[in-house]
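**Q** Output the structure for:
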Amino acid sequence: MLVVIGNYPTKFPKHFFVGIRTPWTLASDEVWFKTHRLAGWLFSIAGVAMFIGALIGVPMAPLIVLVLAAALMPVVFSLLCYRKVHGFKTDNKS
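**A** Okay, the predicted model is just below:
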């Protein structure tokens, strides 16, 4: 299922209902696209790894950690990508 889901994030247009909806992805089309491209790859890799892990008998805990990492890494990436593309403006009114 994760492999199939991993194929779709780059096809989502930017909106508030589906996808990785951080303030940074919603503020920038470029950050939205890059974050969802990464998420697609991560979910596909996690899905293949889970399938192989289940076949060879890997315990469930590492597989769950793998999926959580695949879900959290795009969130952190979106922040870093936004900082690189747009930067954060500080309001120094002294």
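
**Q** How many neighbouring residues does residue 59 have?
**A** As a burial measure, the neighbour count of residue 59 was computed by other Cβ atoms under 10 Å and equals 8. C-beta here means a position set from N, CA and C on the backbone, and glycine is covered the same way.

**Q** List the buried residues of the helix ranked longest in the chain.
**A** Of all the segments of type helix in the chain, defined by DSSP state H, the longest one is helix 29-56. Buried residues in helix 29-56, counted by 16 or more other Cβ atoms under 10 Å: 31-36, 38-40, 42-44, 46-47, 49-50, 53.

**Q** what's the answer for stretch 65-81, then?
**A** By neighbour count on 16+ other Cβ under 10 Å, the buried set for stretch 65-81 is 66, 67, 70, 74, 77, 78, 79, 81.

**Q** now the helix or strand hosting the second one and helix 29-56, what's the angle there?
**A** Using DSSP states H and E, residue 67 maps to helix 60-85. Helix 60-85 and helix 29-56 are oriented at 160 degrees to each other (axes from the mean of the first three to the mean of the last three Cα atoms, to 10 degrees).

**Q** Point to the residue nearest the middle of this protein.
**A** When Cα atoms, centre = their mean is applied to the chain, the residue found nearest the centroid is residue 74 (2.8 Å).

**Q** of the buried residues of stretch 65-81, closest to residue 1?
**A** Closest approach between the buried residues of stretch 65-81 and residue 1, by Cβ to Cβ: residue 67, at 10.7 Å.

**Q** distance of the residue lying closest to the closest one once chain neighbours are set aside from residue 60?
**A** Take residue 67 and drop its neighbours on the chain: the residue closest to it by Cβ to Cβ, 6 or more residues apart in numbering is residue 46, 5.4 Å away. Here residue 46 is placed at a distance of 14 Å from residue 60 (Cβ to Cβ, to the nearest Å).
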